[in-house]
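Colleague: Turn this into a structure:
(chains A and B)
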Amino acid sequence: MIKKIVFVIIGFYFLVLLQSSFFVHFSNYVPNFVLIAVVLINLFEKQKNNFGIISSLIGGFFLDVFFSSYIGYYVLISFFISIFMKFIFKRYVWQI
Amino acid sequence: MRLNRKFGNNNNNSFSRLLGQGMGFRIGIIIFIIIAIFILNLSPFSRGIKDFFYSISSPIQLWLWEKGSNTSGFFSSILKAEDLKQENEFLKAQNQDLISENIELEGLKRENEILRTALGLGLEKEFDLEMAQVIGKEASDDYLIINKGFNSGIRSGFPVITENKVLIGKITEVYESISIVELLSSKNSSFDIEIFEKDIYSLAKGKGNSEILLDLIAKEEEIDIGDKVITSALGGNFPKALLVGEVKNIKKSDTAAFQQAEAKLSFEIKDLRDIFIIKDFTSND
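Modeller: Modelled structure (predicted):
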């Protein structure tokens, strides 16, 4: 688990740097790769795992540091995306 | 009835199960987030954290910005190869015109210098500039991140220009080693402008995507597409006569009290690398 968290911290850090400094040259509208990564992690996560929530907090934190005036804005958005996905999966997917 | 009961039970079960499994973990995280947000935003920690990350990231960001600029330039040159030939011919013709104009101006410049000396006038005061490099752009809004901050004497409200004295925007947030530049096209940006050589004044508002909207232009004023837009000293936000952009589209309506126009800014975000901050100008904001 700790290895995974370290990997996510490093991965999200570089993803944010790429998003803010590299991909902006290719289009005026750059997708939010960190939020996409958070959604993907939650999508492929196992039922009893909380790694998706932890990664949403890490991703949200990096987005706040680089893109937001207040720390907490993206943390809350990504956290609630993660919680919402878990709720939907629990209700409609994992029950099957 | 059975279906309702089934769905109702199902709903309650799933919700309670959602709360049940790892409920402590989730409530703990929510409490942690709320406390963390309060502590970070109501104390200098927030600035400290941002300063720390920006100071360790700015060399990497600068490198990524340069690589991104080169890579996108390479791809766009391949995609626009056919247009380049036509553009080249047009530029050659334009170059000839400019050379002849330059020769004429050279003569005027010499004459001007002689007159200045004769009248005892000093050269026009230049701005006190600080050079900086663009290292990033915020994802959703029109804000740039530059690698100079409080330590370099940068303060909030300072105007930012290119080497050709094209206005880019102004500093809105300053950290130890980096600053945030609000572009003219940002939706939070509004400033006074003048249509060059026409004595028409207007209020410009950011529209996003490198465009601005020129509002409150009197109906009887004659604006043409391609007219140059420069800053006006009226608002006190920016020094006067800095190039902003050119009129792209005019919106006239019989019902509206004023006419509006859309203008394209004279810089491309992806081409920005070295920029200059005017340090001896204080805005009225």
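Colleague: residues in chain A within reach of chain B, list them.
Modeller: A:17-26, A:28, A:30, A:32, A:48, A:50, A:53, A:57, A:63, A:65-67, A:69-72, A:75-76, A:79, A:83, A:86-87, A:90-91, A:95 (Cβ under 8 Å from any Cβ of the partner chain). The C-beta positions use only the backbone N, C-alpha and C, and glycine is treated the same way.
Colleague: hey, where'd the helices end up in the chain?
Modeller: Defaulting to chain A. For chain A, the helices defined by DSSP state H cover A:2-21, A:33-43, A:51-67, A:73-88.
Colleague: oops, chain B please
Modeller: B:2-20, B:23-41, B:45-79, B:81-119.
Colleague: looking at these, which is buried most?
Modeller: Neighbour counts (mean count of other Cβ atoms under 10 Å in any protein chain shown) averaged over each of the helices of chain B peak at helix B:45-79, with a mean of 16.
Colleague: From the contact counts, what lies against that one?
Modeller: With contacts taken as 3 or more Cβ pairs under 8 Å, 6 or more residues apart in numbering or on different chains; DSSP states H and E, helix B:45-79 sits against helix A:2-21, helix A:51-67, helix B:23-41, strand B:129-137.
Colleague: Just the pLDDT for the residue nearest to the spatial centre of chain B.
Modeller: Nearest to the geometric centre of chain B sits B:Leu183, at 1.8 Å (Cα atoms, centre = their mean). The model reports B:Leu183 with a pLDDT of 91.
Colleague: ditto for the one 10 residues further on
Modeller: Per-residue confidence (pLDDT) for B:Ile193: 88.
Colleague: still on that earlier bit, my guess is the residue nearest to the centre of chain B contacts B:Lys170, does it?
Modeller: No - using Cβ atoms under 8 Å as the test, B:Leu183 is too far from B:Lys170 to be in contact (9.1 Å).
Colleague: Give the full set of residues in contact with A:His25.
Modeller: B:Trp65, B:Gly68, B:Ser69, B:Thr71, B:Ser72, B:Lys270 (Cβ atoms under 8 Å, 6 or more residues apart in numbering or on different chains).
Colleague: Save those as CSV, and put in distance to B:Gly235 and pLDDT too.
Modeller: CSV is the format used below for the contacts of A:His25 (distance: Cβ to Cβ, whole Å; pLDDT from 0 to 100):
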residue, distance to B:Gly235, pLDDT
B:Trp65, 31, 88
B:Gly68, 34, 87
B:Ser69, 32, 84
B:Thr71, 39, 86
B:Ser72, 34, 81
B:Lys270, 29, 78
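Colleague: Who does the closest residue in space to B:Asp227 that isn't next to it in sequence form a beta bridge with?
Modeller: Closest residue in space to B:Asp227, ignoring its immediate chain neighbours: B:Val247 at 4.5 Å, by Cβ to Cβ, 6 or more residues apart in numbering or on different chains. When assigned by DSSP bridges, B:Val247 has beta-bridge partners B:Ala263.
Colleague: Make sure B:Val247 is actually in contact with B:Leu213.
Modeller: No - counting by Cβ under 8 Å, B:Val247 does not reach B:Leu213; the two are 11.1 Å apart.
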